[in-house]
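Enquirer: Got a sequence here, can you model it:
(one chain, ligands or ions: 1)
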Amino acid sequence: MQGKSIAAPLSFLFWTAVAQLIALALLVLIYDFYPHRVLALAICSVTAYLVSKLLRLPLPWQILNLILPIGIFFAITMNIPAGLVGAILLGLFLIYIPTFWTRVPFYPTSSAMYNIVADQLPDDQPFHFIDLGCGFGSLLIFLAGRKPLGVFEGVEISPLPYLASKIRFCMKNRARLSVKLRSFWGISLDRFDFVYAFLAPPPMETLWEKVQAEVKPGSLFLVNSFPVNAKAERILEVEDRRKSRLYVYKVVNR
Ligand SMILES: C[S@@+](CC[C@H](N)C(=O)[O-])C[C@H]1O[C@@H](n2cnc3c(N)ncnc32)[C@H](O)[C@@H]1O
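Expert: Prediction:
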């Protein structure tokens, strides 16, 4: 979903509350009948997940429904200080809140993939590289270290990863590393020789259209794990836990 509408997240939030209430009602019933905490919690958690699935909420919301009862249970029973719970929730909120409308959560590129991406970039000529959704900026910092002629830009929609990238880039290499806090849908890609995306399936086809419309012919679109509907120049297998693949597409025309 590329739209910035708040209506969808609000409706997901409403249906999440409904799913949690149904699960809570079931928990109370079961606990009355058979007072076993772990069993009741497991049933509550699975019920909330199944209801959210039945309501066709997007996957991140289904996962939220699954883990919410467990999180609340631990926070209450383990007497975790409210400040700590608040800080963890705020951190997660600042990392994951855009997921509810972008449908692309944060998870980092594996370090095994870093070298494969670096191998696609030249050593003997200047170039411009962008990471769409750069997270905490680690890939860009690595590439800037390996490729002295490259200029590296990130764009990130989540506030906390953006702030971390900004601070890290200022400390590392202010001249060749930069990051913007915004959606990549609003960024023109015409300056870039390399566009890197490690996202999720939902935005990929529309993104490919954007790349083809804006990027200079001859530039490369480097896609980690979620291919688009086009013939890749090459596909590189990566020896990491996820068995990631790098799909390299050459942009032919615009
Ligand atoms: C799977 S993570 C990849 C992070 C980083 N590129 C890496 O490879 O380690 C995807 C990132 O894209 C960001 N993102 C998702 N949709 C976005 C959008 N429309 N504009 C900017 N960033 C976005 C997410 O917040 C998340 O940090």
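Enquirer: Mind listing what's buried along stretch 199-206?
Expert: Neighbour counts over stretch 199-206 (16 or more other CB atoms under 10 Å) mark 199-200, 202-204 as buried. Heads up, the C-betas are built off the backbone N, CA and C, glycines and all.
Enquirer: now, which of the residues you listed sits nearest the ligand?
Expert: Nearest to the ligand among these: Leu199, at 5.4 Å, using CB to the nearest ligand atom.
Enquirer: Could you report the pLDDT at the nearest residue to the closest one once chain neighbours are set aside?
Expert: Closest residue to Leu199 apart from its sequence neighbours, by CB to CB, 6 or more residues apart in numbering: Val104 at 4.6 Å. We have a pLDDT of 85 for Val104.
Enquirer: So which of the buried residues of stretch 199-206 is the closest to Ser45?
Expert: Ala200 (23.8 Å; CB to CB).
Enquirer: quick one: the strands in this structure?
Expert: 127-132, 150-156, 177-181, 194-197, 220-224, 234-237, 245-250 (DSSP state E).
Enquirer: As CSV, those with distance to Trp208, mean pLDDT and mean neighbour count would be great.
Expert: Listed next are these as CSV, based on distance: least, CB to CB, whole Å; pLDDT from 0 to 100; neighbours: other CB atoms under 10 Å:
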stretch, distance to Trp208, mean pLDDT, mean neighbour count
strand 127-132, 12, 98, 22
strand 150-156, 17, 97, 23
strand 177-181, 21, 97, 20
strand 194-197, 9, 98, 24
strand 220-224, 7, 98, 23
strand 234-237, 15, 97, 12
strand 245-250, 8, 97, 19
